[in-house]
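**Q** structural data only, the sequence is not supplied:
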């Protein structure tokens, strides 16, 4: 749970008390996932959100042609889950599976609402997270509308250099919304830039 | 201000008191924009967020080739502003201008923080908004990565049929991240679908 405590401290300038963190702790429960195991399968309701203590997951969907489209990766100190399904209790259109062995901390929607009421520092953290998350998603959306493949790749290099080491090329291509061939061409071009 | 009150009521199941709404009112100030007037220009810090009482705006960026890319439209009962710039106080990369004569209600970052502290119903509304906004942005991001032009157009028809009546074709194309020619081809195909 120390990872979660550090995370909350980071978002709230260390203002959560031990008593409040004890409440937070009581609401999360640990879960391990092995590589390739599903955290969520399309058609299910996403009953838990997961804080990633260790490991990596991806959230993706499979279209009618069988192609996978990766919406998100989640690594240490991130969250995994399909928010729409989690909030609306509707079946998810996404799969979430473990790309590496994972240690997660799970929270239910009811647990989240209890914490938002009971622990102001937690509510503050959620608001900060939402803010950053909405900024990051907006950037990515803008990149996918307004930027060419090369710019998108360079943005990824800047923002998430770890992804490039950690995930295979075909997943990076899917995350960027380009073909593996385009990615390979773009990488070559960027590497050989004067 | 009645539009804002209705909006808050809708998000909070009518739980805001008259006294609390008086506090909310005191923080917002009205502004009119005429068609083609800028609400924000790239390079400026976005000092206000705007609740749209009447009218329509677009948030867009111009790339080095001079092409406009529309990230968002804002119509009645939506918000206009560049969140990253508003929160981080950094210069915005976006322009926001009025597509129609607009009546807006403006709030500053300091005003927003005061309200979040002072009025729980307002804080609840902001959280609900963030939740829906993050779900909607995720959907659009997913569409731009995983869907072809035709699917994106059909999603727009379903979610924002009003946009198609209200905004010119070249803006719709820009919002979808496709060329006007592709949009025209897709529209023809969708209209003539058996």
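**A** Yep, it's here. What you see is a predicted model, and the numbers here were worked out from it, not measured in a lab.

**Q** hey, let's count contacts and neighbours off CA atoms from now on
**A** Fine.

**Q** residues in chain A within reach of chain B, list them.
**A** A:63, A:69, A:71, A:83-84, A:127, A:130-131, A:133-135, A:137-138, A:140-142, A:144-146, A:174-178 (Cα under 8 Å from any Cα of the partner chain).

**Q** buried subset of the residues you listed, written for PyMOL?
**A** Only the buried entries of the residues of chain A next to chain B go into this PyMOL selection, using 16 or more other Cα atoms under 10 Å in any protein chain shown:
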select buried, chain A and resi 69+71+83+84+127+130+131+134+135+137+138+140+141+142+144+145+146+174+175+176+177+178
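
**Q** in strands, which of the residues of chain A next to chain B fall?
**A** A:69, A:71 (DSSP state E).

**Q** helices and strands of chain A: which one has the lowest mean pLDDT?
**A** The helix or strand of chain A with the lowest confidence, counting by mean pLDDT, DSSP states H and E, is helix A:120-146 at a mean of 84.

**Q** and the helix or strand following that helix with helix A:120-146, angle?
**A** Next helix or strand after helix A:120-146 toward the C-terminus (DSSP states H and E): helix A:149-159. Going by axes from the mean of the first three to the mean of the last three Cα atoms, to 10 degrees, helix A:149-159 is angled at 160 degrees with respect to helix A:120-146.

**Q** list the helices and strands helix A:149-159 packs on?
**A** Counting contacts by 3 or more Cα pairs under 8 Å, 6 or more residues apart in numbering or on different chains; DSSP states H and E, helix A:149-159 is packed against helix A:120-146, helix A:169-176, helix A:180-191.

**Q** let's have those in a markdown table, adding distance to residue A:92.
**A** Shown next, in a markdown table, are the helices and strands packed on helix A:149-159 (distance: least, Cα to Cα, whole Å):
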| stretch | distance to residue A:92 |
| --- | --- |
| helix A:120-146 | 19 |
| helix A:169-176 | 19 |
| helix A:180-191 | 27 |
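
**Q** and residue A:44, how close does it get to residue A:26?
**A** Using Cα to Cα, to the nearest Å, residue A:44 is found at 26 Å from residue A:26.

**Q** out of the two, which sits in the busier spot?
**A** Set residue A:44 next to residue A:26 and count neighbours by other Cα atoms under 10 Å in any protein chain shown: residue A:44 wins out with 15 against 11.

**Q** residues in contact with the residue nearest to that one when sequence neighbours are not counted?
**A** Sequence neighbours aside, residue A:91 is the residue nearest to residue A:44 in space, at 4.9 Å (criterion: Cα to Cα, 6 or more residues apart in numbering or on different chains). Going by Cα atoms under 8 Å, 6 or more residues apart in numbering or on different chains, residue A:91 touches A:42-46, A:85.

**Q** again, 6 Å this time
**A** A:43-45, A:85 (Cα atoms under 6 Å, 6 or more residues apart in numbering or on different chains).

**Q** point to the residue nearest the middle of chain A.
**A** residue A:74 (3.4 Å; Cα atoms, centre = their mean).

**Q** what pLDDT does that residue get?
**A** pLDDT recorded at residue A:74 is 95.

**Q** for the one 10 residues further on, same thing?
**A** As predicted, residue A:84 sits at a pLDDT of 90.

**Q** please apply the same query to residue A:167.
**A** 96.

**Q** tell me how many other residues crowd it.
**A** Neighbours around residue A:167, by other Cα under 10 Å: 15.

**Q** got the phi and psi for it?
**A** As for residue A:167, its main-chain torsions (degrees, to the nearest 10) stand at phi -120, psi 150.

**Q** enumerate every residue touching residue A:102.
**A** By Cα under 6 Å, 6+ apart, the neighbours of residue A:102 are A:32-33, A:54-55.

**Q** and it, how close does it get to residue A:172?
**A** Taking Cα to Cα, one finds residue A:102 at 20 Å from residue A:172.

**Q** now residue A:133, nearest residue through space, not along the chain?
**A** residue B:134 is the one closest to residue A:133 (Cα to Cα, 6+ apart), at 7.9 Å.

**Q** whoops, residue A:123 was the one
**A** residue A:116 (4.8 Å).

**Q** residues near the one you found, how many?
**A** Neighbour tally, residue A:116, other Cα under 10 Å: 17.

**Q** that one falls within a strand, correct?
**A** No: Residue A:116 is assigned helix when assessed by DSSP: H, G, I helix; E, B strand; the rest coil, not a strand.

**Q** okay, it: pLDDT?
**A** 90.

**Q** that one and chain B: what is the separation?
**A** 10 Å (Cα to the nearest Cα, to the nearest Å).

**Q** ramachandran angles for residue A:76?
**A** phi -50, psi 140.

**Q** what about it, how many neighbours?
**A** Residues near residue A:76, counting by other Cα under 10 Å: 16.

**Q** if I look at residue A:151, how far off is residue A:3?
**A** Residue A:151 is 34 Å from residue A:3, by Cα to Cα.

**Q** residue A:126 too?
**A** 16 Å.

**Q** more neighbours: which of the two?
**A** residue A:126 (18 against 15).

**Q** who's in contact with residue A:36?
**A** Here residue A:36 is in contact with A:97-99 (Cα under 6 Å, 6+ apart).

**Q** from the residues you listed, which single one is nearest residue A:12?
**A** residue A:98 (28.9 Å; Cα to Cα).

**Q** if we ignore the residues flanking it in sequence, what's nearest that closest one?
**A** residue A:57 (4.3 Å).

**Q** what residues are bridge-paired with that neighbour?
**A** Beta-bridge pairing of residue A:57 under DSSP bridges involves residue A:74, residue A:98.

**Q** gap between it and chain B?
**A** Relative to chain B, and taking Cα to the nearest Cα, residue A:57 is found at 17 Å.

**Q** burial of that residue, as a residue count?
**A** With other Cα under 10 Å as criterion, residue A:57 counts 29.
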